[in-house]
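Engineer: Generate a structure from the sequence data that follows.
(chains A and B)
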2 protein chains.
Amino acid sequence: MPRPRPILLAALLLCAAAPPVPTPNEIVVAAPASAWRAVPAEDLLVMVLGDGRQVLIQLAPAFAPVHVGNIRALARAGWWDGAAIVREQDDYVVQWARMPEGQALPAGVAAHPPAEYDRPAAGLPIVPLGFPDSYAPKAGWAGGWPVAGDGSRTWLTHCYGMVGVGRDMPPDTGSGEELYAVNGQAPRQLDRNIALVGRVVDGMAVLSALPRGTAALGFYADPAQRLPIRSVRVAADLPPTERPRLEVLDPASPAFAAALSARASRRDPFFVRPAGMTDLCNVPVPARIGHTAR
Amino acid sequence: MPRPRPILLAALLLCAAAPPVPTPNEIVVAAPASAWRAVPAEDLLVMVLGDGRQVLIQLAPAFAPVHVGNIRALARAGWWDGAAIVREQDDYVVQWARMPEGQALPAGVAAHPPAEYDRPAAGLPIVPLGFPDSYAPKAGWAGGWPVAGDGSRTWLTHCYGMVGVGRDMPPDTGSGEELYAVNGQAPRQLDRNIALVGRVVDGMAVLSALPRGTAALGFYADPAQRLPIRSVRVAADLPPTERPRLEVLDPASPAFAAALSARASRRDPFFVRPAGMTDLCNVPVPARIGHTAR
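Structural biologist: Next comes the predicted model:
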């Protein structure tokens, strides 16, 4: 192997002296305040589990307005107070519901919402992923959400932590009374087949670590195995001191673009061969959570 | 809306009378014996956790022969007897190791294996996925494993449950003494940056349901939080009555092709809009496990 020529050697020395390349997470942490978007408290659910742990869910009214309206009404009627995690299917979904099924819905909840599986592309620009998607002609982020599209329609994608509406056979679309979150490899085959309504922005580490159910589809065989839910509230209804404040990194911001680029082509020292590519569900939209002034 | 004409009505009635379209799993269950390949007991690890639960790991010597040789030697020297699950990072990896780190390796274990991050494409035909991959020009299955490739090199991919070798900074490749398994969305950015050595074929439901570690990178902050490992054995070394018998569905078989097609275009009644596409890590290679004659 030829020895390096002086000019190359100088370049190598310069590289060695350069500051370390930031990781995607370091870029996110350093993002300026202008890159973050506050999420309205009306679009945030606070779920408190029986053991006191909290799960925060951001809602996506721009994609499933009737279902999201139902979910707010269900929370306000105390629908999930005393509900439970009833299903944990490995590498698929974790699901929660009020048992037994079939109870009368509270007033103001639409029993048969329309199929909010996708929406018009018009009026909702997509920040492109910039790499091919395995499932759709277009992929990227719209309104802060991971989406795919075909140019005329846009839809939310079943990435890790995304929350959807359990339903029976079509044309039923589910009322929103049973919800699930993705806990493994993105089951993108469900895109446009189920109403996605939001995502878990904090607490997937809790929901994904529960024991797997042993009955069909990962349901708990014994009701005693279910983890109870103490309450689910719309954040806007909580006293100001208890109200979480959620911000998400704007996918249209330079900081997001830099983190995306760094994620696709990792240059931090651990990596020997950057992929040069990434896929939509491997690029979570960063969120940060605080509390309003106490 | 126009009412159906008689010929359409007849077609609808025929459809209603047709047998239900099988799901991918139903196709796998119905696969003939000729579609299944027995895995040599030398390529199977049996890990018994401290609570008695078992995890089965299939090894991939065709891709990382030196690392797999190390892992067999480590198992035979009792390296992991008394080791523990030390890390559970949500939506990334679960990792196990003998603590403290830095103990002398047993005889016969190469301290510095070569970078078995990919291998020549020649001699290992790929059954193509048939859909674009987000990370590589080629994707599919080779030797029963999910792989990607560029035509001259082929490599294992970081799908859910795949097992890799923990390492420090390059050029270190890890000896195999610390292993991890993918527990979330496929971190394909690690492909060709780490030696993959196999996959968990049974027991991911156990490994992925452990509490998430709260220290950096999901390591357990308190050693008391670690789940002990009782033993790791090469299946070939177990008494015949305790030896699991593993078979995997041959990706080159018609049954696998049918299941892949059904998975990409779900026609079972739940689905209203088949994706028509799928991605590599959304198509696990089916495995079935029994025991040798007792």
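
Engineer: out of everything not next to it in sequence, what's closest to residue A:228?
Structural biologist: Using C-beta to C-beta, 6 or more residues apart in numbering or on different chains and skipping residues adjacent in sequence, the residue nearest residue A:228 is residue A:50, 3.4 Å away. For every residue, glycine as well, the C-beta is placed using N, CA and C.

Engineer: for residue A:187, same thing?
Structural biologist: residue A:158 (5.1 Å).

Engineer: Torsion angles phi and psi at that neighbour?
Structural biologist: phi -80, psi 60 (degrees, to the nearest 10).

Engineer: From what I see, it and residue A:193 are in contact.
Structural biologist: No. In this structure, residue A:158 is not within contact of residue A:193 by C-beta atoms under 8 Å, at 9.3 Å.

Engineer: sorry, back to before: identify the residues contacting the residue nearest to residue A:228.
Structural biologist: Applying C-beta atoms under 8 Å, 6 or more residues apart in numbering or on different chains, one finds that residue A:50 lies in contact with A:84, A:227-230.

Engineer: one step back: higher neighbour count, residue A:158 and residue A:193?
Structural biologist: A count of neighbours by other C-beta atoms under 10 Å in any protein chain shown puts residue A:158 above the other of residue A:158 and residue A:193, at 25 against 21.

Engineer: For that one, give its distance to chain B.
Structural biologist: Taking C-beta to the nearest C-beta, to the nearest Å as the criterion, residue A:158 is separated from chain B by 10 Å.

Engineer: okay, that residue: pLDDT?
Structural biologist: Predicted confidence (pLDDT) for residue A:158: 98.

Engineer: ok, it - contacts?
Structural biologist: A:164, A:182, A:186-188, A:190-191, A:194, A:196, A:281.

Engineer: Quick one: name the residues of the stretch 1-150 of chain A near chain B.
Structural biologist: A:88, A:90-91, A:115, A:117, A:131-136 (C-beta under 8 Å from any C-beta of the partner chain).

Engineer: For chain A, which residue occupies the most central location?
Structural biologist: The centroid of chain A falls nearest to residue A:199 when counting by C-alpha atoms, centre = their mean (3.4 Å).

Engineer: export the contacts of residue A:158 to JSON lines and tack on secondary structure?
Structural biologist: As requested, these are exported to JSON lines (DSSP: H, G, I helix; E, B strand; the rest coil):
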{"residue": "A:164", "secondary structure": "strand"}
{"residue": "A:182", "secondary structure": "strand"}
{"residue": "A:186", "secondary structure": "coil"}
{"residue": "A:187", "secondary structure": "coil"}
{"residue": "A:188", "secondary structure": "helix"}
{"residue": "A:190", "secondary structure": "helix"}
{"residue": "A:191", "secondary structure": "coil"}
{"residue": "A:194", "secondary structure": "coil"}
{"residue": "A:196", "secondary structure": "strand"}
{"residue": "A:281", "secondary structure": "helix"}
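
Engineer: Just flag the most distant two among those residues.
Structural biologist: A:194 and A:281 (15.8 Å; C-beta to C-beta).

Engineer: out of everything not next to it in sequence, what's closest to residue A:143?
Structural biologist: residue A:62 (5.0 Å).

Engineer: which residues of the stretch 101-250 of chain A fall in strands?
Structural biologist: Remark: strands assigned in the stretch 101-250 of chain A by DSSP state E, counting those that start in this stretch are A:119-120, A:127-128, A:138-142, A:145-149, A:153-156, A:162-165, A:179-182, A:196-202, A:227-234, A:244-249.

Engineer: Any idea how far the last one is from the middle of the chain?
Structural biologist: Right, the one you point to is strand A:244-249. Its chain's average C-alpha position is 13 Å from that of strand A:244-249, according to C-alpha atoms, centre = their mean, to the nearest Å.

Engineer: circling back: neighbour-wise, which one of the residues of the stretch 1-150 of chain A next to chain B leads?
Structural biologist: residue A:88 leads those on contacts (other C-beta under 10 Å) with 28 neighbours.

Engineer: Can you give me every residue that contacts that residue?
Structural biologist: Residue A:88 sits in contact with A:94-95, A:183, A:210-213, A:218, A:220, B:209, where contact means C-beta under 8 Å, 6+ apart.

Engineer: what about residue A:37, which SS state?
Structural biologist: strand.

Engineer: now residue A:80: how far from residue A:102?
Structural biologist: 16 Å (C-beta to C-beta, to the nearest Å).

Engineer: just residue A:256 next, same as before
Structural biologist: Applying C-beta to C-beta to residue A:256 and residue A:102 gives a distance of 44 Å.

Engineer: What of residue A:169?
Structural biologist: In terms of C-beta to C-beta, residue A:169 sits 16 Å off from residue A:102.

Engineer: And for residue A:177?
Structural biologist: Taken as C-beta to C-beta, the span from residue A:177 to residue A:102 is 10 Å.

Engineer: between the two, who's got more neighbours?
Structural biologist: Taking neighbours as other C-beta under 10 Å, residue A:177 and residue A:102 compare with residue A:177 leading, 23 against 7.

Engineer: May I ask you to confirm that that one is in contact with residue A:97?
Structural biologist: Yes. Look at residue A:177 against residue A:97 with C-beta under 8 Å: they come within range, at 6.9 Å.

Engineer: Of the contacts of residue A:50, which qualify as buried by neighbour count?
Structural biologist: Neighbour counting by 16 or more other C-beta atoms under 10 Å in any protein chain shown classes A:84, A:227, A:229-230 among the contacts of residue A:50 as buried.

Engineer: thinking again about what came up before, which phi and psi values does the residue nearest to residue A:228 adopt?
Structural biologist: phi -60, psi -30.

Engineer: For residue A:262, give me its contacts.
Structural biologist: With C-beta under 8 Å, 6+ apart, residue A:262 has these contacts: A:21-24, A:27.

Engineer: just to revisit the earlier point, and which of the buried ones among the contacts of residue A:50 is nearest to residue B:234?
Structural biologist: residue A:227 (37.6 Å).

Engineer: what pairs with that closest one across the strands?
Structural biologist: residue A:85 (DSSP bridges).

Engineer: and if you look at residue A:56?
Structural biologist: residue A:46, residue A:202.

Engineer: Which one of the strands of the stretch 101-250 of chain A lies nearest to residue B:39?
Structural biologist: Using C-beta to C-beta, the strands of the stretch 101-250 of chain A put strand A:179-182 closest to residue B:39, at 30.0 Å.

Engineer: Could you see whether chain B lies near that closest one?
Structural biologist: No. For strand A:179-182, no contact with chain B is found by C-beta under 8 Å from any C-beta; the gap never falls below 8.8 Å.

Engineer: Could you list the paired strands of that strand along with their orientation?
Structural biologist: strand A:93-97 (antiparallel), strand A:162-165 (antiparallel).

Engineer: for chain A, which spans come out with low pLDDT?
Structural biologist: For chain A, the stretches flagged by pLDDT under 70 are A:1-19, A:291-294.

Engineer: Might you report the residue contacts of residue A:131?
Structural biologist: Neighbours of residue A:131 in contact, by C-beta under 8 Å, 6+ apart: A:139, A:264, A:277-279, B:134.

Engineer: how about a cut-off of 7 Å?
Structural biologist: A:264, A:277-279, B:134 (C-beta atoms under 7 Å, 6 or more residues apart in numbering or on different chains).
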